[in-house]
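K.L.:
structure for the following, please:
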Amino acid sequence: MDNKKVLIVGGVAGGASAAARLRRLNEKMEIIMFEKGEYISFANCGLPYYIGGEIKERSNLTLQTPESFNSRFNVDVRTFSQVISINKELKKVSVKNHKTGEIYEESYDKLILSPGAEPFKPNIEGINSKLVFTLRNIPDTYKIKDYIENNKPKKAIVIGGGYIGVEMSENLKNLGLDVTIVEMQNQVIAPLDFDMACEVQTYIKDKGINLMLESSVEKIVENNNTLDVTINGEVFNTDIVILSIGVRPETSIAKNAGLKLNERGAIIVSENMLTSDENIYAVGDAIEVVDFVTKQKAFVPLAGPANKQGRIAADNICGIYSKYEGTQGSSILKLFDMTVATTGINEKTAKRLNLSYDKVFLFSGNHASYYPNSENMSIKVIFEKETGKILGVQIFGFEGTDKRCDVFATAIRFGATAKDLANLELCYAPPYSSAKDPVNMAGFVIENIINKNVKNFHWNDIESIKKQEDIILLDIRTEYEYENGFIDGFINIPLDNLRDNLDKLDKNKKIYVSCQIGLRGYIGCRILSQNGYDCYNLSGGYRLYNTIYNESEIKTNPACVNPTR
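P.N.:
Predicted coordinates:
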């Protein structure tokens, strides 16, 4: 490809990565990168934190300027230049210079499309008000930041409870605003399963953010520099609205050029990032990807995959065979001092695809319990029932949550099983971990199920279990714990007294055991099963059940007691 000409449409993660990789591989290639805005490479994931004041300087958001990128990589960077059409047959693009209004053509040997995704804007009356903001790029960020600094709003409504919506809510709350999240679904953070989202929602409300689930914005009306927002038929007054209900691929030029798109409008590409045209590649948030775990087609707009895809497109243009092996959706969220992290598939996906799967819940310390400030992290693992292969993990907790999810993400990428998790030799010292790391513990728990050392049941099985005949519901926590709250119908025999009370339990009845987090329940079931009882352990224990069903949640968050609606 010496002396060949490559055009790149769009910068940021995918396009800028492709340009840099092309230059590293070929010093003589002519590379032109077009960006319709002013910025070619910026920290889009950091934008909410600039608004909230965590990131102090505007300059910190700009990773590369056109000048610095050109100096380093000798790439002709053209900002304020929008590619408005592609002529595949002539291998030319039409470009509009937004500074001069000029439209001109540029030829190419190879073309890389990295147009990204645009915020979805629903057809709601008043959605185009100047007090309704979206957050996608640096100009959006400055607009929101300047408005807050100049107008000192007191109230904000964030429409959408996804990653950006929750991050924005945190940062607005840190600025002193009264914040409400409005979400159409019965939970926040869609990649989480309902049972894991409930504890996150409790934490959000504990931090003083109002949460309206299963709620729809119907109308927005300006009223004396404030907004009257109609939600589920009721009017709420606010100073600003942040719109954060998801994105869709920005692929109009690809569509008009006749490139193949999927039903969602994402560009269909091969594993080499090649579109339906042999000279055009596409990367980033505008493309359809393959889910690494399920091998199903998906749309997963994330910065990490976009960077890898840009590199892969550049490799193939330069004659180096390289392929993208799928997106597993590893993602992480800072929520005040809590961390929420996921990788692989969730249970919703496993059910929808009718996979043969099981799940475990565990609560494990982020470091040795005797070392100060140890805190449990909540972990849910989805695994293949027959083999123990890890399919997906969701974690929330505090310090150390990120590194555990990264270990799980690596395990999934290499096809690891529960046995592999159990055998991992991870770094240990009391300030950082335990001798049995939470990742190891997940492996042990799953191995016990696969090896039939224990049989589990789950929080959402309890109501149907209560309808069965010939059962015993047994809570083996201490009397003190039991008196402070228990699941209706469960009798109490503390674990340390269990062996002395076996004669009180009928061997002809199934015994369903609950403890606080599932660990003592496992020990209790081992005692019972080896004494001839048919025993089942509540995964996640009373703690998980109580998170979902406790009275405070019933009063403030009805969605957390009816996950089926």
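
K.L.:
for L47, give its distance to D402.
P.N.:
Between L47 and D402 the computed distance is 20 Å (Cβ to Cβ, to the nearest Å). In this view, the C-beta of every residue, glycine as well, is placed from N, C-alpha and C.

K.L.:
neighbour count for these two, which is higher?
P.N.:
A count of neighbours by other Cβ atoms under 10 Å puts L47 above the other of L47 and D402, at 25 against 14.

K.L.:
please enumerate the helices of the stretch 451-565 of the chain.
P.N.:
462-466, 479-483, 519-529, 541-549, 551-556 (DSSP state H, counting those that start in this stretch).

K.L.:
how about TSV for those, with mean neighbour count added?
P.N.:
Listed next are those as TSV, based on neighbours: other Cβ atoms under 10 Å:
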stretch	mean neighbour count
helix 462-466	13
helix 479-483	13
helix 519-529	21
helix 541-549	21
helix 551-556	13
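
K.L.:
measure stretch 101-116 end to end?
P.N.:
For stretch 101-116, the first-to-last residue distance is 23 Å (Cα to Cα, to the nearest Å).

K.L.:
report the distance from it to the chain centre.
P.N.:
The chain centre lies 32 Å from the centre of stretch 101-116; the measure is Cα atoms, centre = their mean, to the nearest Å.

K.L.:
check stretch 18-35 too.
P.N.:
The gap between where stretch 18-35 is centred and where its chain is centred comes out at 32 Å by Cα atoms, centre = their mean.

K.L.:
and that stretch, what's buried?
P.N.:
Judged by neighbour count (16 or more other Cβ atoms under 10 Å), stretch 18-35 contains these buried residues: 18-23, 25-26, 29, 31-35.

K.L.:
equivalent analysis for stretch 345-364, please.
P.N.:
By neighbour count on 16+ other Cβ under 10 Å, the buried set for stretch 345-364 is 345-347, 349-350, 355, 357-364.

K.L.:
let me know the closest of the residues you listed to L61.
P.N.:
Nearest to L61 among those, counting by Cβ to Cβ, is N346 at 31.6 Å.

K.L.:
for the closest one, what are its contacts?
P.N.:
P191, L192, D193, I382, G392, Q394 (Cβ atoms under 8 Å, 6 or more residues apart in numbering).

K.L.:
what's around the nearest residue to the fifth one once chain neighbours are set aside, how many residues?
P.N.:
Counting by Cβ to Cβ, 6 or more residues apart in numbering, G392 lies nearest to G344, which is 3.2 Å off, once chain neighbours are set aside. Using other Cβ under 10 Å, G344 has 28 other residues around it.

K.L.:
looking at it, G344 is touching G326, isn't it?
P.N.:
No: assessed by Cβ atoms under 8 Å, G344 is found out of contact with G326, at 11.0 Å.

K.L.:
picking that back up, output the buried residues of stretch 18-35 as CSV; include the columns secondary structure, pLDDT and distance to S270.
P.N.:
What follows is the buried residues of stretch 18-35, written out as CSV (DSSP: H, G, I helix; E, B strand; the rest coil; pLDDT from 0 to 100; distance: Cβ to Cβ, whole Å):
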residue, secondary structure, pLDDT, distance to S270
A18, helix, 95, 16
A19, helix, 94, 21
A20, helix, 93, 22
R21, helix, 96, 18
L22, helix, 96, 19
R23, helix, 95, 24
L25, helix, 96, 20
N26, coil, 95, 22
M29, coil, 96, 22
I31, strand, 96, 22
I32, strand, 96, 24
M33, strand, 95, 23
F34, strand, 95, 23
E35, strand, 91, 25
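
K.L.:
from those, which single one is nearest L274?
P.N.:
Among the buried residues of stretch 18-35, and counting by Cβ to Cβ, the member closest to L274 is A18, at 13.0 Å.

K.L.:
give me the nearest residue to the closest one, chain neighbours excluded.
P.N.:
Closest residue to A18 apart from its sequence neighbours, by Cβ to Cβ, 6+ apart: G310 at 3.6 Å.

K.L.:
what of K88?
P.N.:
K88 sits nearest to D277 (Cβ to Cβ, 6+ apart), 5.2 Å away.

K.L.:
do D291 as well
P.N.:
In space, and not counting its chain neighbours, D291 is closest to A298: 4.5 Å by Cβ to Cβ, 6+ apart.

K.L.:
hmm, the one you found is touching P305, no?
P.N.:
No: A298 is not in contact with P305 according to Cβ under 8 Å; the separation is 10.6 Å.

K.L.:
now do the shared contacts for those two.
P.N.:
Joint contacts of A298 and P305 (Cβ under 8 Å, 6+ apart) are V289, T327.

K.L.:
okay, now D206: neighbour count?
P.N.:
Neighbourhood size, D206 [other Cβ under 10 Å]: 10.

K.L.:
next, it: phi, psi?
P.N.:
Backbone torsions for D206, taken as degrees, to the nearest 10, come to phi -60, psi -30.

K.L.:
with L192 instead?
P.N.:
The phi/psi pair for L192 (degrees, to the nearest 10) is phi -80, psi 150.

K.L.:
touching, it and A341? I think so.
P.N.:
No: L192 lies out of contact with A341 (Cβ under 8 Å); the separation is 10.0 Å.

K.L.:
so what sits against both of those two?
P.N.:
Common neighbours of L192 and A341, using Cβ under 8 Å, 6+ apart, are Q394.

K.L.:
which sections of the stretch 401-550 of the chain are below the confidence cut-off?
P.N.:
Within the stretch 401-550 of the chain, the stretches with pLDDT under 70 are 550.

K.L.:
just the contacts of N346 now: which is nearest I253?
P.N.:
Nearest to I253 among these, with distances taken as Cβ to Cβ, is P191, at 29.7 Å.

K.L.:
report the contact partners of N440.
P.N.:
Going by Cβ under 8 Å, 6+ apart, N440 touches L421, A422, L424, L426.

K.L.:
if I look at L495, how far off is E183?
P.N.:
In terms of Cβ to Cβ, L495 sits 40 Å off from E183.

K.L.:
ignore what I typed, I meant I491.
P.N.:
From I491 to E183 the distance is 39 Å (Cβ to Cβ).

K.L.:
of those two, who's got more company?
P.N.:
Neighbour comparison, I491 and E183: the larger count goes to E183, with 26 against 13 (by other Cβ under 10 Å).

K.L.:
now do the strands in the stretch 1-150 of the chain.
P.N.:
In the stretch 1-150 of the chain, the strands defined using DSSP state E, counting those that start in this stretch lie at 5-9, 30-35, 41-42, 62-64, 76-79, 81-87, 92-97, 103-107, 110-113, 117-119, 132-134.

K.L.:
show me what contacts G326?
P.N.:
Shown in contact with G326 (Cβ under 8 Å, 6+ apart): V289, V290, D291, F292, V293, K295.

K.L.:
any idea how far C45 is from it?
P.N.:
According to Cβ to Cβ, G326 stands 21 Å off from C45.

K.L.:
re the thing from before, the residue nearest to D291: neighbouring residues, count only.
P.N.:
18.

K.L.:
give the bridge partners for it, please.
P.N.:
A298 has these beta-bridge partners by DSSP bridges: V289.

K.L.:
residue contacts, the residue nearest to T478 when sequence neighbours are not counted?
P.N.:
Leaving out its chain neighbours, the residue that sits closest to T478 by Cβ to Cβ, 6+ apart is P494, at 5.3 Å. With contacts defined as Cβ under 8 Å, 6+ apart, P494 is in contact with I476, R477, T478, E479.

K.L.:
tell me the one of these nearest I450?
P.N.:
For these, the nearest to I450 is I476 (23.6 Å; Cβ to Cβ).

K.L.:
which residues sit against stretch 231-238?
P.N.:
By Cβ under 8 Å, 6+ apart, the list of residues contacting stretch 231-238 reads 155-157, 180, 182, 212, 215-218, 223, 226-230.

K.L.:
can you tell me how far the closest residue to F457 other than its chain neighbours is from R520?
P.N.:
Excluding its sequence neighbours, the residue lying closest to F457 (Cβ to Cβ, 6+ apart) is Y536, at 4.6 Å. From Y536 over to R520 the distance is 14 Å, taken as Cβ to Cβ.

K.L.:
could you say what helices and strands the helix or strand where T339 lies packs with?
P.N.:
Assigned by DSSP states H and E, T339 falls within strand 338-344. Judged by 3 or more Cβ pairs under 8 Å, 6 or more residues apart in numbering; DSSP states H and E, strand 338-344 is in contact with helix 194-206, strand 331-335, strand 390-397, helix 401-413.
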